[in-house]
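Trainee: just need the structure, nothing else, for what follows:
(one chain, ligands or ions: 1)
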Amino acid sequence: MSATAKKTAPLPADIIARKGETPLVCLTAYTTPIARLTDPYCDIVLVGDSVGMVLHGMESTLGVTMEMMVMHGAAVRRGLAKAMMVIDMPFGSYEEGPQQAFRNAARLMRETGAAAVKLEGGVEMAETIRFLTARSIPVMAHIGLTPQAINTLGGYKVQGRGQDRARVLEDAHAVARAGAFSVVLEKVPAALADEITAELPIPTIGIGASAGCDGQILVVDDMLGLFTAFKPKFAKRYGTLGQAADAAIAAYAEEVRARAFPAPEHVFGDAVPETKA
Ligand code: KIV
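Mentor: Numbering: from 1, shown residues only. Just a heads-up that it's a prediction; the model follows:
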């Protein structure tokens, strides 16, 4: 490819071809400016339903609506040039059955420009994943800890330990067989994540899983240090933007109270500028 050739976003087939190659770099984004920052570095940008907790102060992802996903998805799309955009199907928008899932997935893709949807669930979602992929909707699956099932899982616990191991393994095989082009493994033991990665023909994307996964994803506000309400063990902080923002806002407040801001260079004189002939 020439130095000037425009890079285009990867398609699901390109993501599958990355299996076992250089790990896929994935982050969430919810706004245009953050999408612009992630785009040069990421293979996949996910408009996660974590937006509800991260940007809207919700206690879980359960209150996130289709309208919120459409609005944030369209904003993210405007900030992307080369990364693939995947968008989460919010709680209640797909679980009734394949037809409901198709209607809402098609709306998300049509109104946001996303290239694929992500939905949570394993064996119980296989039929829906098969229905969507057979009708031109690429699906990223999400198994292990599935935050939309928080009330039945009984908390944000590691999934797949002990007797639960076989269930998570079965989920992984079910979504791959159904046609998902990749699968997020959230909060599963590293050895299980490695086994799933070795057995599945599609890329695994880990979050609290294993460095052996075919890719990694983090919530962008977690890794930037912008979301500080709580910090999951797997959410490594690569920046402290929350602290930087706090210091900047404190400095602004102090200068306003001391009448040090605005300074002369921030205000306007009343001389009418000369116009060029
Ligand atoms: O909603 C989200 O941000 C996610 C990722 C953490 C995988 O599902």
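Trainee: spatially nearest residue to the closest residue to the ligand within the chain (excluding sequence neighbours)?
Mentor: Nearest residue of the chain to the ligand (CB to the nearest ligand atom) works out as residue 48 at 2.3 Å. For every residue, glycine as well, the C-beta is placed using N, CA and C. Computed as CB to CB, 6 or more residues apart in numbering, the closest residue to residue 48 that is not its neighbour in sequence is residue 28, at 4.2 Å.
Trainee: who touches that neighbour in this structure?
Mentor: 45, 46, 47, 48, 50, 51, 54, 217, 218, 219, 220, 221 (CB atoms under 8 Å, 6 or more residues apart in numbering).
Trainee: now, which of those lie within helices?
Mentor: 51, 54, 220, 221 (DSSP state H).
Trainee: ok, and of those, which contact the ligand?
Mentor: When those are checked against the ligand using CB under 6 Å from any ligand atom, none falls in range.
Trainee: what's the most distant pair in these?
Mentor: Largest separation among these by CB to CB: 51 and 220, giving 10.5 Å.
Trainee: spell out which residues of the stretch 1-150 of the chain are next to the ligand.
Mentor: Within the stretch 1-150 of the chain, the positions adjacent to the ligand are 28, 46, 48, 49, 50, 88, 142 by CB under 6 Å from any ligand atom.
Trainee: mind listing the residues bridging to the first one?
Mentor: Read it as residue 28. Judged by DSSP bridges, the bridge partners of residue 28 are residue 46.
Trainee: also the last one?
Mentor: Beta-bridge partners recorded for residue 142 (DSSP bridges): residue 120, residue 184.
Trainee: that one: what's it in contact with?
Mentor: Going by CB under 8 Å, 6+ apart, residue 142 touches 118, 119, 120, 121, 183, 184, 186.
Trainee: save those residues as CSV, and put in pLDDT, neighbour count and distance to residue 204 too.
Mentor: Shown next, in CSV, are the contacts of residue 142 (pLDDT from 0 to 100; neighbours: other CB atoms under 10 Å; distance: CB to CB, whole Å):
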residue, pLDDT, neighbour count, distance to residue 204
118, 99, 25, 14
119, 99, 25, 16
120, 98, 23, 15
121, 98, 20, 16
183, 98, 27, 6
184, 98, 27, 8
186, 98, 23, 11
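Trainee: quick check: the farthest pair among the residues you listed?
Mentor: 119 and 186 (13.2 Å).
Trainee: quick one on the thing from earlier: need the overlap of contacts for residue 51 and residue 220.
Mentor: Common contacts of residue 51 and residue 220, defined by CB under 8 Å, 6+ apart, comprise 28, 30.
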